[in-house]
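Engineer: Pasting the sequence and the predicted model now:
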Amino acid sequence: MRLAIVIMAAGKGTRLKSQRPKVLHEIGGKPLLAHVIAAASKIVSPADIYVVVGHQAERVEAALASTSVNFVLQSEQLGTGHAIQCAQQAITRYDHILVLSGDVPLIRPQTIQKLWDFHQTQYADMTLLTAIPENPYGYGRVIRKNDSVEVSAIVEQKSLLPNQQNLPEINSGIYAFNTAALLQHLKELAANNSQGEYYLTDMAQILTSAGKRVVAITAPDITEVLGANTIAELVALDSTLRANIASRLMAQGVTIFRPETCTIDPDVEVGPDTVIEPCVQLLKGTRIGSDCLIRSGSMIENSIIADNVTVRNHCVIEDSSIGSGAKIGPFAHLRMGSEIGEDAHVGNYVETKKARMGKGAKANHLTYLGDAEIGAGSNIGAGVITCNYDGVNKHRTVIGERVFVGSDSTLVAPISVGDGAYIGAGSCITREVPADALAVGRSRQFTKEGWAAAKRARMNKEC
Ligand code: UD1
Ligand code: CA
């Protein structure tokens, strides 16, 4: 049986009131359409997935370029039926197609599979996935034949007659079709409705009238089939998705306090006995080990955190790694390519970028470490700056092991400091410091005894 999946994603999303095409709006940290493609890819290979694009097609294609699905152009968006008409050429070589909506992102592969199995066992020409939500307003409604598995029609919200307003069963916008039956009757769609659009939903009535078999199966979980037509709906779907992620992690032994305030992406992993405080964001493939404490207000993105790490409040950690036992923050900013070693400390108002800190190294206060290497056991005093940028190029600072860099020192890169060296506070270091040396790069202090008292006495006399 040759099966393809068509995803309708050409619409503008007028109700979102946004410049961005609807299917590129994000929930769970990725576009709506990416969720649908991910689910579809569990059923068929990407080569058999056809995404109908139209509104800002290039932008949508570019955003999903890494998925290797096919794109079909619907240059004018004349409705969901027209979207499938545009895909006709692509689908003729398949026996059946599944149709998904690009704005129904929480659909699970298991449910798509269920629809597909049901479609086959029913020998149906069209099978719709339906649901019975608390509030069906806005959705197309399903009219069953004498309460049976068979469907006689789908009526769109705007076309509902007064006595149909309370019909409870909604059309999810997800269907299976026998391709031959679909293609035979697809041209019969007419745009004779209030929107002047070709509705794919009209196929139910067209096929039934032609003696074809149209059936429906109800989705087990209503949240799977909800659409994102407005920002409020979008945000609600995001909350549902994130609540599911938090529940999954908690079931794996992660403590998440006030999970509704945390933003955790689906591809994030966290080890057991880790505690996550309120208002934490864990994003983009971040992996956190066990027995960690991530305190309130911290954001960790695309980073790897080993076991027993403490991230105190209000840290921003991006594209970095942190070794076991390390302590970070509060108010630390670890930028791209920072590698913090085991038991290292990065304290308040410390910024690192492409900085490697060895085991037990410390930079506890008010420091910038950029393009730097700090050996094991070294101590970076308060206010130390690696001057890595000469206005054109970036240069490296290499600090050995057990080095003491006194407070308020600047290290003008490229520069190296050997193991065990000592740098006096307030130094501006511009030349290599050998191992075990003392370097002091500041003007010598002079002291004039009694100077201040003499000045005060002079001023008192003048007044
Ligand atoms: C559609 C269904 C409705 C169902 C609901 C479920 C129709 C006519 N109605 O309504 O019965 O309850 O989905 O969520 O199908 N699209 C295109 N090209 C177009 C128009 C739309 O590709 O010309 C795409 C959109 O990008 C979207 C999907 O089709 O991803 C559904 O379109 P939308 O306008 O959101 O339909 P609904 O009004 O939600
Ligand atoms: Ca919709």
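Structural biologist: Good, I have the coordinates. Numbering: from 1, shown residues only. Ligands and ions are numbered 1, 2, ... in the order given.
Engineer: Going along the chain, name the helices of the stretch 151-300 of the chain.
Structural biologist: With DSSP state H, counting those that start in this stretch as the criterion, the stretch 151-300 of the chain has helices at 179-185, 203-209, 231-251.
Engineer: which of these is buried the deepest?
Structural biologist: helix 203-209 (a mean of 21; mean count of other Cβ atoms under 10 Å). All C-beta spots, glycine's among them, are computed from the backbone N, C-alpha and C.
Engineer: Could you name the helices and strands sitting against it?
Structural biologist: strand 126-131, strand 151-155, helix 179-185, strand 214-218 (3 or more Cβ pairs under 8 Å, 6 or more residues apart in numbering; DSSP states H and E).
Engineer: Helix or strand for the closest residue to P109 other than its chain neighbours, just tell me which one.
Structural biologist: Nearest residue to P109, sequence neighbours excluded (Cβ to Cβ, 6 or more residues apart in numbering): K42, at 3.6 Å. Counting by DSSP states H and E, no helix or strand carries K42.
Engineer: before we move on, the earlier item: redo the helices and strands packed on helix 203-209 as CSV? Include mean pLDDT.
Structural biologist: Converted to CSV, the helices and strands packed on helix 203-209 look like this (pLDDT from 0 to 100):
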stretch, mean pLDDT
strand 126-131, 98
strand 151-155, 97
helix 179-185, 98
strand 214-218, 98
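Engineer: So for T263, which of these sits nearest?
Structural biologist: T263 sits nearest to strand 126-131 of all the helices and strands packed on helix 203-209, at 26.8 Å, using Cβ to Cβ.
Engineer: The closest one near ligand 1 anywhere?
Structural biologist: No - judged by Cβ under 6 Å from any ligand atom, strand 126-131 makes no contact with ligand 1; its nearest approach is 9.0 Å.
Engineer: So which elements touch the helix or strand following that strand?
Structural biologist: As assigned by DSSP H and E, the chain's next helix or strand after strand 126-131 is strand 141-144. Counting contacts by 3+ Cβ pairs under 8 Å, 6+ apart, strand 141-144 is packed against strand 151-155, strand 170-178.
Engineer: Extract the CA atoms of the first one and return them as CSV.
Structural biologist: Right, strand 151-155. Listed next in CSV are the C-alpha coordinates belonging to strand 151-155 (Å, rounded to 0.1, in the frame of the first residue of the first chain):
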residue,chain,number,x,y,z
VAL,A,151,-20.5,10.5,8.2
SER,A,152,-22.9,12.3,5.9
ALA,A,153,-21.4,15.8,6.0
ILE,A,154,-19.1,18.3,7.7
VAL,A,155,-20.6,21.7,8.3
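Engineer: residues from this structure in reach of ligand 1?
Structural biologist: 8-11, 22-23, 52, 54, 74, 77-80, 82-83, 101-104, 139-140, 154, 156, 170-173, 199-201, 227, 229.
Engineer: now S324, nearest residue through space, not along the chain?
Structural biologist: Using Cβ to Cβ, 6+ apart, the nearest residue to S324 is A306, at 3.9 Å.
Engineer: where does the stretch 301-450 of the chain have low pLDDT?
Structural biologist: Within the stretch 301-450 of the chain, no range satisfies pLDDT under 70.
Engineer: ok, back up a step: ok, now how distant is the residue nearest to P109 from ligand 2?
Structural biologist: 22 Å (Cβ to the ion, to the nearest Å).
Engineer: L115 now?
Structural biologist: Taking Cβ to the ion, one finds L115 at 18 Å from ligand 2.
Engineer: Let me see the contact set for the residue of the stretch 1-150 of the chain found nearest ligand 1.
Structural biologist: In the stretch 1-150 of the chain, the residue found nearest to ligand 1 is G140; the distance is 2.2 Å by Cβ to the nearest ligand atom. G140 makes contact with 154-157, 170-171, 173, 201, according to Cβ atoms under 8 Å, 6 or more residues apart in numbering.
Engineer: now L334
Structural biologist: 303, 315-318, 320, 322, 328, 340, 346, 351-352.
Engineer: now do 7 Å
Structural biologist: 317-318, 320, 328, 340, 346, 352 (Cβ atoms under 7 Å, 6 or more residues apart in numbering).
Engineer: Of those, which belong to strands?
Structural biologist: 317-318, 328, 340, 346, 352 (DSSP state E).
Engineer: Contact residues of the stretch 201-350 of the chain facing ligand 2?
Structural biologist: Taking Cβ under 5 Å from the ion as the contact definition, the stretch 201-350 of the chain meets ligand 2 at 227, 229.
Engineer: Looking at the stretch 201-350 of the chain, which residue is nearest ligand 2?
Structural biologist: Residue nearest to ligand 2 within the stretch 201-350 of the chain: G227 (3.7 Å; Cβ to the ion).
Engineer: same thing with the stretch 1-150 of the chain?
Structural biologist: D103 (4.5 Å).
Engineer: Hmm, A228 and that residue touching each other?
Structural biologist: Yes - D103 sits in contact with A228 when judged by Cβ atoms under 7 Å, with a separation of 5.1 Å.
Engineer: List the residues that are in contact with both of those two.
Structural biologist: Listed contacts common to D103 and A228 are L32; contacts here mean Cβ under 7 Å, 6+ apart.
Engineer: Any idea which residue of the stretch 201-350 of the chain lies closest to ligand 1?
Structural biologist: G227 (3.4 Å).
Engineer: I'd guessed that residue sits against D103; true?
Structural biologist: Yes - with contacts counted by Cβ under 7 Å, G227 reaches D103, the gap being 5.1 Å.
Engineer: Outline the domain layout of the protein.
Structural biologist: Domain ranges of the chain: 3-225, 255-439, per automatic domain parsing.
Engineer: For Q445, find the nearest of those.
Structural biologist: The nearest among these, by Cβ to Cβ, is domain 255-439 at 10.0 Å.
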